[in-house]
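Participant: starting from these lines, generate the structure:
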Amino acid sequence: MLHDAIRGDKNMFLKARWEAKTDNLIVKNIAKNRIEDLRRRQESDLHSRRAKLAALLAAEDRQYEKEFMDNLETPE
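Facilitator: Residues are numbered from 1 along each chain as shown. The predicted structure follows:
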């Protein structure tokens, strides 16, 4: 009877250890997924800002080119 009680306690201990290990793994994976999601969002935002800045730079270059061509002296 004592062996059965010891065996039962050992099984409960092993089960509790397994559950704790699994819980820790789940928490780690959730944190890892959140960090990865934040990184993807930041990268997407950075790409969007870069595209907007590139468009602004291109528009500014066109404006300067137009001003240069308008102010260019002709032989006339």
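Participant: in the chain, where is pLDDT below threshold?
Facilitator: Within the chain, the segments meeting pLDDT under 70 span 76.
Participant: can you give me the strands for it?
Facilitator: Using DSSP state E, no strands are found in the chain.
Participant: in it, which spans are helices?
Facilitator: 2-71 (DSSP state H).
Participant: show me what contacts the residue nearest the centre of it?
Facilitator: With distances taken as CA atoms, centre = their mean, the residue of the chain nearest its centroid is residue 39 (1.7 Å). With contact set as CB atoms under 8 Å, 6 or more residues apart in numbering, residue 39 has no partners. (C-beta placed from N, C-alpha, C; glycine too.)
Participant: tell me how far it lies from residue 14.
Facilitator: Distance of residue 39 to residue 14, given as CB to CB, to the nearest Å: 37 Å.
Participant: what does residue 52 give?
Facilitator: 57 Å.
Participant: please apply the same query to residue 54.
Facilitator: 59 Å.
Participant: residue 31 too?
Facilitator: 26 Å.
Participant: over to residue 70?
Facilitator: In this view, residue 70 and residue 14 are 84 Å apart by CB to CB.
Participant: who's more crowded, the two?
Facilitator: residue 14 (10 against 7; other CB atoms under 10 Å).
Participant: distance of that one relative to residue 26?
Facilitator: Relative to residue 26, residue 14 is positioned 19 Å away (CB to CB).
Participant: cool, and residue 43?
Facilitator: 26 Å.
Participant: tell me who's in contact with residue 48.
Facilitator: Per CB under 8 Å, 6+ apart, neighbours of residue 48: none.
Participant: so that it lines up with my notes, have the first residue be 28 from now on.
Facilitator: Right, with 28 as the first residue, what we last looked at is residue 75.
Participant: distance of it from residue 89?
Facilitator: In terms of CB to CB, residue 75 sits 22 Å off from residue 89.
Participant: one more: residue 54?
Facilitator: Using CB to CB, we find residue 54 at a distance of 53 Å from residue 89.
Participant: where's residue 47 relative to residue 73, distance?
Facilitator: Remark: distance between residue 47 and residue 73 (CB to CB) = 39 Å.
Participant: all set, thanks.
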